[in-house]
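>>> make a model of this:
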Amino acid sequence: MLVLVAPGQGAQTPGFLTPWLDLPGAAERVAAWSEAIGLDLAHYGTKADADEIRDTAVAQPLLVAAGLLSAAHLDGIVPGAVAGHSVGEITAAAVAGVLTESDALSFVRTRGLGMADAAAVTPTGMSAVLGGDRDTVVAHLEKLGLTPANINGAGQIVAAGTLEQLAALEADKPEGAMKVVALKVAGAFHTHHMAPAVARLEEAAQALTPADPTVTYVSNKDGAAVATGADVVARLVGQVANPVRWDLCMERFAGLGVTGIIELCPGGTLTGLAKRALKGVPSVALKTPDDIEKAKELAAEISA
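As a prediction, the model looks like this:
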């Protein structure tokens, strides 16, 4: 069972798209996507600095474009299941055949703009809490008025809320937590602060004609395997204001009998979590095109 996963916001780094644009047809593909959504993806993926690509309205389409571009070069690899972390769910939906590439880019453009506008209402952010018992950490966050926005498993929970609440967390860490790390995101995603974005996505979803997944699609909402395209889209809409349960996604992978994981570009975050939570399961993170051959070798080993 090969699982293909797509990373979420915060995985982007300056210039990460540069080597991918050298692949045959890649620059033309990205140029067409850029024109379609009114955002110069090549510029942001090659020349923009960290602050520019931290912008939610930029980061989200950029990540989906990178994920789709890397997936297109995994010739012949057919995963048994797919999942994405937060905005990566849109990438996963396209890989699973639920959305076309153009619909995925259009939808994520609306998502990024809507969440950026919602984040501008109140100064908010997110911080990762590393270590500690899950229930103890969650209770501590709730005491401070924070939301456990990403329960990622492997000893990592991401708190989201106002900057004042996050400062209080930094000064008063949960019992057993090793450290608190501020994330490079521009808002309290997956919390009630994102409610205005849900309304915009509900409207955008009306223009979609989703197909049912061609492979098992695992949802951030609860780790469930989702059977219909309509349900996938409904979950994509609601998920922006609700916590990401990546821990439950990984539990689902284990239940499906995962024997290998490939993380789409810009890979590294989700394979890092898997190495701690799914010990012994081999993985490949697509960071540059040089990693494509490693991914094909892993897929071949699994199918042998």
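>>> I figured Tyr44 hits Ala50, correct?
No. If you go by C-beta atoms under 8 Å, Tyr44 and Ala50 don't touch, sitting 11.2 Å apart. Glycine gets a C-beta too; all of them are placed from N, C-alpha and C.
>>> among the two, which residue is more densely surrounded?
Taking Tyr44 and Ala50 together and counting by other C-beta atoms under 10 Å, Tyr44 has the greater number of neighbours (22 against 10).
>>> so where does the more buried one fall, helix or strand?
Here Tyr44, judged by DSSP states H and E, is contained in helix 41-46.
>>> helices or strands up against that helix?
Judged by 3 or more C-beta pairs under 8 Å, 6 or more residues apart in numbering; DSSP states H and E, helix 41-46 is in contact with helix 26-37, helix 50-54, helix 56-72.
>>> tabulate the ones you listed (a markdown table), appending mean pLDDT.
Formatted as a markdown table, those follow (pLDDT from 0 to 100):
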| stretch | mean pLDDT |
| --- | --- |
| helix 26-37 | 97 |
| helix 50-54 | 94 |
| helix 56-72 | 97 |
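>>> any chance of the ones you listed in a markdown table, plus distance to Gly145?
Shown next, in a markdown table, are the helices and strands packed on helix 41-46 (distance: least, C-beta to C-beta, whole Å):
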| stretch | distance to Gly145 |
| --- | --- |
| helix 26-37 | 36 |
| helix 50-54 | 24 |
| helix 56-72 | 22 |
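>>> need the winner for burial among the ones you listed.
helix 56-72 (a mean of 26; mean count of other C-beta atoms under 10 Å).
>>> what about the strands in the chain?
Using DSSP state E, the strands assigned to the chain run over residues 2-6, 81-84, 124-131, 147-153, 156-162, 177-182, 216-218, 225-226, 260-263, 283-285.
>>> mean confidence for the fourth one?
The reference is to strand 147-153. For strand 147-153, mean pLDDT rounds to 96.
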